[in-house]
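Novice: need the 3D shape of this:
(4 chains)
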Protein chains: 4
Amino acid sequence: MELRRWPRKNDPASIEARQAALDGRVDSEVFGQDLTPWAKAQEALTGVSVIPTAVIGPLTISLGDYELTEPEGTVVARGRANDDVFVPLAHTEGSMSDSLFRGARAAAESGGFRTYVLQDRITRASCFVCKSASEALTLATWIEGEVETMRAWIAELDDPSVSRHAKLREVKTHVVGPMCHVLWRWTTGDAVGANMMTRNSYFLNMGFVMERSPVKPERALLEANMGGDKKSSYEYFQGGHGKTVIAETTLTEDAIRRVLRTTIDDLLELSWAGTHGAVASGMQSVAFTPATAIAAIFAATGQDLGMVGTSSMCHGTGRRVEGGLNVALRLPGLEVSTVGGGTTLPYARSWLGLMDCAGPGKVYRFAQIVAAATLALEISASAAMATAGSANFFKAHFERGGLR
Amino acid sequence: MELRRWPRKNDPASIEARQAALDGRVDSEVFGQDLTPWAKAQEALTGVSVIPTAVIGPLTISLGDYELTEPEGTVVARGRANDDVFVPLAHTEGSMSDSLFRGARAAAESGGFRTYVLQDRITRASCFVCKSASEALTLATWIEGEVETMRAWIAELDDPSVSRHAKLREVKTHVVGPMCHVLWRWTTGDAVGANMMTRNSYFLNMGFVMERSPVKPERALLEANMGGDKKSSYEYFQGGHGKTVIAETTLTEDAIRRVLRTTIDDLLELSWAGTHGAVASGMQSVAFTPATAIAAIFAATGQDLGMVGTSSMCHGTGRRVEGGLNVALRLPGLEVSTVGGGTTLPYARSWLGLMDCAGPGKVYRFAQIVAAATLALEISASAAMATAGSANFFKAHFERGGLR
Amino acid sequence: MELRRWPRKNDPASIEARQAALDGRVDSEVFGQDLTPWAKAQEALTGVSVIPTAVIGPLTISLGDYELTEPEGTVVARGRANDDVFVPLAHTEGSMSDSLFRGARAAAESGGFRTYVLQDRITRASCFVCKSASEALTLATWIEGEVETMRAWIAELDDPSVSRHAKLREVKTHVVGPMCHVLWRWTTGDAVGANMMTRNSYFLNMGFVMERSPVKPERALLEANMGGDKKSSYEYFQGGHGKTVIAETTLTEDAIRRVLRTTIDDLLELSWAGTHGAVASGMQSVAFTPATAIAAIFAATGQDLGMVGTSSMCHGTGRRVEGGLNVALRLPGLEVSTVGGGTTLPYARSWLGLMDCAGPGKVYRFAQIVAAATLALEISASAAMATAGSANFFKAHFERGGLR
Amino acid sequence: MELRRWPRKNDPASIEARQAALDGRVDSEVFGQDLTPWAKAQEALTGVSVIPTAVIGPLTISLGDYELTEPEGTVVARGRANDDVFVPLAHTEGSMSDSLFRGARAAAESGGFRTYVLQDRITRASCFVCKSASEALTLATWIEGEVETMRAWIAELDDPSVSRHAKLREVKTHVVGPMCHVLWRWTTGDAVGANMMTRNSYFLNMGFVMERSPVKPERALLEANMGGDKKSSYEYFQGGHGKTVIAETTLTEDAIRRVLRTTIDDLLELSWAGTHGAVASGMQSVAFTPATAIAAIFAATGQDLGMVGTSSMCHGTGRRVEGGLNVALRLPGLEVSTVGGGTTLPYARSWLGLMDCAGPGKVYRFAQIVAAATLALEISASAAMATAGSANFFKAHFERGGLR
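Specialist: Numbering: from 1, shown residues only, chains lettered A, B, ... in the order given. The predicted structure is shown next:
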């Protein structure tokens, strides 16, 4: 078949046509599931992929209860409560589930995890190209003064493609040469919101800025990389994107010795060498393996897997304190959702449900659980690496990494 | 149930115990598949996750045929042939499959994609902590002189946990303070090889370096971040990790106008603004959305989803040339495999098979197909963004991003 | 002489003792100048260093006239006027002064330079180490709410070491693990202000935060690198430090051809390759050689030469516009002063005076002149490099780089 | 006077014409020195700048004696000896000379500094723009195979502008899109060598590559930023440029207490917080204030002040070891010279002479002395900052920073 004739619709006939065209090219096991529930998820739907999924738990987590202030969109805590959570992990990496279990156990014996949501923002980094830096500066100053007006304007806009969930919180401009980069910073409720903030930013760009600006930009671009849409950036590593979350626990010496089979000294030495290794290699994150846990939860819960890299940006620390070793992760860019996208589809909605994270009002809870689970794996993997010569890390790879 | 009593084995009784413990907490659809085929993939297996999967194709790609020289491990071309390939995409992002289709069509009408494998390496970044920089320098000099001896030593080592597939190619040392960081650089055949190079590096560290070194390091760490294990780093962005691949095509003006509905000028302006936006935001990659395509193929084919971020490091360019617009992606760190890990499991092995990429001898082919598909999406998404005001990008989000 | 007995005072006897101790070790030309005028500049004063200094001019610059709003400290323009300025360049690099001349001439024939001050801030990046991330978050929230109170408190503080010139403008907190990093952001009038903001930040840390904080930090550090004191950082590359300035001009085709002996196409190709080279090498700045001009003006005018690297952070662009080629530099971190430090000393005060930049009320003028001169050199050096094979760059190095 | 008529020659009449033109605009003190000795240093010479200069010493340093192997250009040690060195510091920063003194004293009481030269390279990052990535890859492979031939070719080239001092050591290629970036890596004896390697690279580009390449590049650029000519880059931070040097000492507890008035614990806490602050701010270097010492020595000794930023790239560490605290700096890019450029001019040659660093065969000695002096200041400044609340740092700023 020619590429140009390849059908992309998801009516039964198109699906069947694709499956027929691939007959003999692919094992038919991939066609064995009824595709109807996914027919609206994407085009050219042809089969399914299945990933084996572990459950580890219950993790003991002190979870914050958060809400947004209006109109600033600041995340503030209403309270805090302990909860026990079972975490689904879709992956195929031998020893990983068990390692996360071990880290969770060390934390549980030390009083559990504590998690915090610091910030909630999603950004569309538009750009207006002007004739000169002078004009770009004029534009930037004008835009920064119009934020209130823009909020009102978009709220009153009578267009079905305007999202009511996406709320503009601030605008940041950055002029380089004749470019006026504009970071439209939104909150989008329990969705990641890439789609809704894209639409609203388009309206602001074309309906407001291009119409009213005191200078006439030559070009408006919805997205021009001054942020980090699925690419990690310092802008988001420091300033945050999606949900900015911290997870921590203070491991007792006893838990470190009995459960993790290492010592505070060994963990601190690893942390010291690993931090300087990160600096020497030009690594942005300082951490061990946050992407492993995050990818596994994302795959189970219908998150956007293209956001694994950005969501795994991580700044981890360890410090000896009274009572043991404080370990913490700052995850500045967790792009998670409990509504929309893949989260409402079969399996994903169920696995979210297991964590009591399906649907509206759950996204801060979910972000915190992801952070705690990530820290659990980080603790255990670090402990394996910190032993003399990293022997336990080696052993885990030899004994349980059998499929590799 | 208490965390400490949570069963992690995958015998039928343990699986059943877990499912019973979760009864009422999770929709039973996740338990509906026989887990036997995945019982060795990971611990605490409890259910499955299912991701709807599109197929787009056939993509027209000029694929290089490569082999490694011995003992240097240099990738050299044996030949080159055109092929038509169907690509599976496991994801839930509306408009993405269709967009990739459009980019592939523009390329096909311009003569197709051309792909190249530049390098093949996987690195374990160990670290020896010494008493002083002086000792660390002595150690570094000694290690660099012992590479030949180490190769012979490990080849003769009679230990079942030594991998015969992992071949040491070079060693790079980097001394910072009393640390001697050592990058053991391997090739590992058609596997990503994280497991096998970990084991062999452990043997080199503990059996060779710690036993024979002219100075006595205080500590050996198998991995200390001077590389980029699931974290992106400049070391790997420039120096490469896994497979370093380039995909390119020269789009004709006609294809740009008819298929992509934009112009060379518009695409170049977007590329210019997007590159400077990336610089301003401290983004390492310069690209649009490589992680989207890479994650979708990884999810379908049993790749390690924790490696989506590092595999998506990307340096993209566009330049007007005779005949149209040359567009190219450099993907320095594609961590892909066609054997081992999740690739031999149901569904994954089938989707790899669709591309003729299952099993030994296929990894360079697979890496090139991933790169071509990534470029296909990059072309189309850029075109949508490059139109006046990025109107086509907006429309795609409004009309087909319905689940968001 | 033993190190511990080395005298460090600057009374005549101590100076003489040092000179006597070095008799025979160093050529006495370095002692040939009366040191009295510099006796308060630094300890252990022993002689002088002399740097030959060119003057190039007059540069035609459209300079903005700026003031700070109170209490926000926003830089706002009061007006704009053309001026002709002679620039002193203390250096020993053959062909550099002439090259800067050529760039200035190309700009003059294109209507001159335009310069803009975007922001004025100097930051002390303190850090409070707490027992846990939880406490650090509590501290951060509290600090952000106390800014008004702090401003009043420090204004009323009756202590001779409090600086009245340093005004606190905002505070930015950043929690990582148990650390609460606090960026105290000041304006300091016409001085760089490192000294005065250090003193005031110390008072805030010890007199306010440590006394009143709702949690008890274990440790307060005045500076902990979350900024960029003489080290370049993304925080300052993007967010700015010292004076953030843009200089631009739109070169006419005629000036490019006649004065610069190249073409718009050639300059754009160089810019394109140079920008992608910067990305590939992990270079933060995108520019050619801003440090060359900045160092030469700094050395002549008593600026802190340790700040050459940070002041040279630069994001340069070129874009074809109606009427020619727009070229612009964004210098985010110009750490310049017209009062205090070395600026009041002989020679320095005179060279500042040549530019009408000596003393109070001149620092924005000076910052803009530095930016324009830097752009002048950038234009010419780029033009030399842009010619076929960069032949003109080669020639400049061969013919006039004779001392190298 | 019009810019276009500004004279740039250095004959007495031109100098006088410039001084006359500036009469009344600048204090005549700047014209008070005979300019003849500097007449070849740069164009448009008009006056001088004078910087007060301290001398601190003698620093006790164990200096390595190094030579280059042929033809690889590897730095190897021939021996090692202790030396006592007086260091000139041209600057105007109150408390800095005294602080460096204190750090040197702490080191002296701990057995002195030890310094090591790891590598010697200077790079011209050329770029060949081809029609496609395919052609750029062909070019890269060809260039890497021609290094031997190139060495012979340039050695035999009969052209007065070829430098015999610049020796090509390796070539590194990096293909991005249609660009083949080529890092020509040279050694240049005791000069920094920017000029000589520029000329030789030009010959290689135009005389060898463009003439013989199997593909025809559209464009050759001598320098395209894939390195770091006066801009810091990861390429040079890790890979090195100029001289890569390590300085270290192991401070005794006694010296830390008596001379530095702090403790190992306090210094380690500062180092920990400062390293994580650097990570959070996207700072490449991890250090305190290396640029301060480096700029002061550069200004006294005729080094290129535009290279202060790159020469100050620094990776510092501290670690508790038996006997005290090991502190070390890795300076990867010290661009220093003892011949050529400003080093042969009055004052500069004298100050170099004070350190026995003037002329051929001295550059490794000089690089090591710079590194030791930089570490001396780093130790003392860190100690002032590490005290409770950084009180000693505050005091130094208050009591001796009087000119600020």
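
Novice: for the stretch 251-400 of chain A, list the residues in contact with chain C, please.
Specialist: Listed as neighbours of chain C in the stretch 251-400 of chain A under the rule C-beta under 8 Å from any C-beta of the partner chain: A:282, A:315, A:316, A:317, A:318, A:319, A:321, A:322, A:326, A:327, A:328, A:330. (Glycine included, C-beta is placed from N, CA and C.)

Novice: same thing but 10 Å
Specialist: Neighbours of chain C within the stretch 251-400 of chain A, by C-beta under 10 Å from any C-beta of the partner chain: A:282, A:284, A:286, A:315-319, A:321-323, A:326-330, A:332.

Novice: of these, buried ones?
Specialist: Buried members of these, counted by 16 or more other C-beta atoms under 10 Å in any protein chain shown: A:282, A:284, A:286, A:315-319, A:321, A:326-330, A:332.

Novice: give the helix, strand or coil label for residue A:48.
Specialist: Residue A:48 falls in the strand class when you classify it by DSSP: H, G, I helix; E, B strand; the rest coil.

Novice: in the helix or strand bottoming out on mean pLDDT in chain A, what's buried?
Specialist: When each helix and strand of chain A is scored by mean pLDDT, DSSP states H and E, helix A:391-400 comes last, with a mean of 76. Neighbour counts over helix A:391-400 (16+ other C-beta under 10 Å) mark A:391, A:392, A:393, A:394, A:395, A:396, A:397, A:398, A:400 as buried.

Novice: residues contacting the fourth one?
Specialist: Residue A:394 makes contact with A:384-385, A:387, B:161, B:198-203, B:205-206, B:222, according to C-beta atoms under 10 Å, 6 or more residues apart in numbering or on different chains.

Novice: residue ranges for the strands of chain A, please.
Specialist: Per DSSP state E, chain A carries strands over the ranges A:45-68, A:75-90, A:113-129, A:167-176, A:179-187, A:219-221, A:242-251, A:315-321, A:324-334.

Novice: nearest to chain C, of the contacts of residue A:394?
Specialist: residue A:385 (18.7 Å; C-beta to the nearest C-beta).

Novice: residue of the stretch 301-404 of chain A closest to chain C, please.
Specialist: Taking C-beta to the nearest C-beta, the stretch 301-404 of chain A has residue A:317 as its residue nearest chain C, at 3.0 Å.

Novice: who's that residue bridged to?
Specialist: Legend: beta-bridge partners of residue A:317 under DSSP bridges are residue A:328.

Novice: that one contacts residue D:277, doesn't it?
Specialist: No. Residue A:317 is not in contact with residue D:277 according to C-beta atoms under 10 Å; the separation is 11.3 Å.

Novice: which residues are common contacts for the two?
Specialist: With C-beta under 10 Å, 6+ apart, residue A:317 and residue D:277 have common neighbours C:176, C:179.

Novice: near chain D, which residues of the stretch 301-404 of chain A?
Specialist: A:315, A:316, A:317, A:318, A:319, A:330, A:332.

Novice: please redo it, this time with the cut-off set to 8 Å
Specialist: Counting by C-beta under 8 Å from any C-beta, the stretch 301-404 of chain A comes close to chain D at A:315, A:317, A:319.

Novice: all helices for chain A, in order.
Specialist: Counting by DSSP state H, one finds helices in chain A at the ranges A:12-21, A:96-108, A:133-145, A:147-156, A:194-203, A:210-212, A:234-239, A:253-258, A:264-280, A:290-301, A:308-311, A:348-354, A:363-386, A:391-400.

Novice: can you tell me which of those is most buried?
Specialist: Burial of these is given as mean neighbour count (mean count of other C-beta atoms under 10 Å in any protein chain shown); helix A:308-311 ranks first at a mean of 32.

Novice: grab the nearest non-local neighbour of whichever residue of the stretch 101-250 of chain A sits closest to chain C.
Specialist: Per C-beta to the nearest C-beta, residue A:177 is where the stretch 101-250 of chain A lies closest to chain C, at 3.0 Å. Leaving aside its sequence neighbours, residue A:177 sits nearest to residue C:317 (C-beta to C-beta, 6 or more residues apart in numbering or on different chains; 3.0 Å).

Novice: doesn't residue A:175 make contact with the one you found?
Specialist: No. Using C-beta atoms under 8 Å, residue C:317 is not in contact with residue A:175, being 10.4 Å away.

Novice: got a list of what the residue nearest to residue A:177 touches?
Specialist: By C-beta atoms under 8 Å, 6 or more residues apart in numbering or on different chains, the residues touching residue C:317 are A:176, A:177, A:178, A:179, B:276, C:271, C:286, C:326, C:327, C:328.

Novice: separation between the fourth one and residue D:343?
Specialist: Same thing as residue A:179. Distance, residue A:179 to residue D:343, using C-beta to C-beta, to the nearest Å: 42 Å.

Novice: ok, these two, which is more surrounded?
Specialist: residue A:179 (30 against 27; other C-beta atoms under 10 Å in any protein chain shown).

Novice: who are the neighbours in contact with that one?
Specialist: A:127, A:128, A:129, A:130, A:136, A:224, B:273, B:276, B:277, C:317.

Novice: with residue A:93 instead?
Specialist: Counting by C-beta under 8 Å, 6+ apart, residue A:93 makes contact with A:292, A:401, B:42, B:304, B:306, B:341.

Novice: residue of the stretch 51-200 of chain A nearest chain D, please.
Specialist: residue A:118 (13.3 Å).

Novice: ok, that residue touching residue A:247?
Specialist: No. Look at residue A:118 against residue A:247 with C-beta under 8 Å: they stay out of range, at 11.4 Å.

Novice: ok, these two, which is more surrounded?
Specialist: For residue A:118 versus residue A:247, neighbours defined as other C-beta under 10 Å are more numerous around residue A:247 (28 against 20).

Novice: which residue packs closest to the more buried one, ignoring adjacent ones?
Specialist: residue A:371 (3.8 Å).

Novice: if I pick the one you found, what's in contact with it?
Specialist: Shown in contact with residue A:371 (C-beta under 8 Å, 6+ apart): A:115, A:245, A:246, A:247, A:329, A:331, A:334.

Novice: among those, name the buried ones.
Specialist: Neighbour-count burial (16+ other C-beta under 10 Å) is assigned, among the contacts of residue A:371, to A:115, A:245, A:246, A:247, A:329, A:331, A:334.

Novice: so what's the first one up against?
Specialist: Translated: residue A:115. By C-beta under 8 Å, 6+ apart, residue A:115 lies in contact with A:61, A:62, A:63, A:64, A:245, A:246, A:247, A:248, A:368, A:369, A:371, A:372.

Novice: residue contacts, the residue nearest to it when sequence neighbours are not counted?
Specialist: For residue A:115, ignoring the flanking residues on the chain, the nearest one in space by C-beta to C-beta, 6+ apart is residue A:368 at 3.7 Å. With contact taken as C-beta under 8 Å, 6+ apart, residue A:368 is in contact with A:61, A:63, A:64, A:115, A:116, A:117, A:245, A:247.

Novice: report the two of the residues you listed separated the most.
Specialist: Largest separation among the contacts of residue A:368 by C-beta to C-beta: A:61 and A:117, giving 12.7 Å.

Novice: more neighbours: the two, which one.
Specialist: Higher neighbour count among residue A:61 and residue A:117: residue A:61, with 29 against 23, using other C-beta under 10 Å.

Novice: now do that one, the pLDDT please.
Specialist: Listed pLDDT for residue A:61 reads 98.
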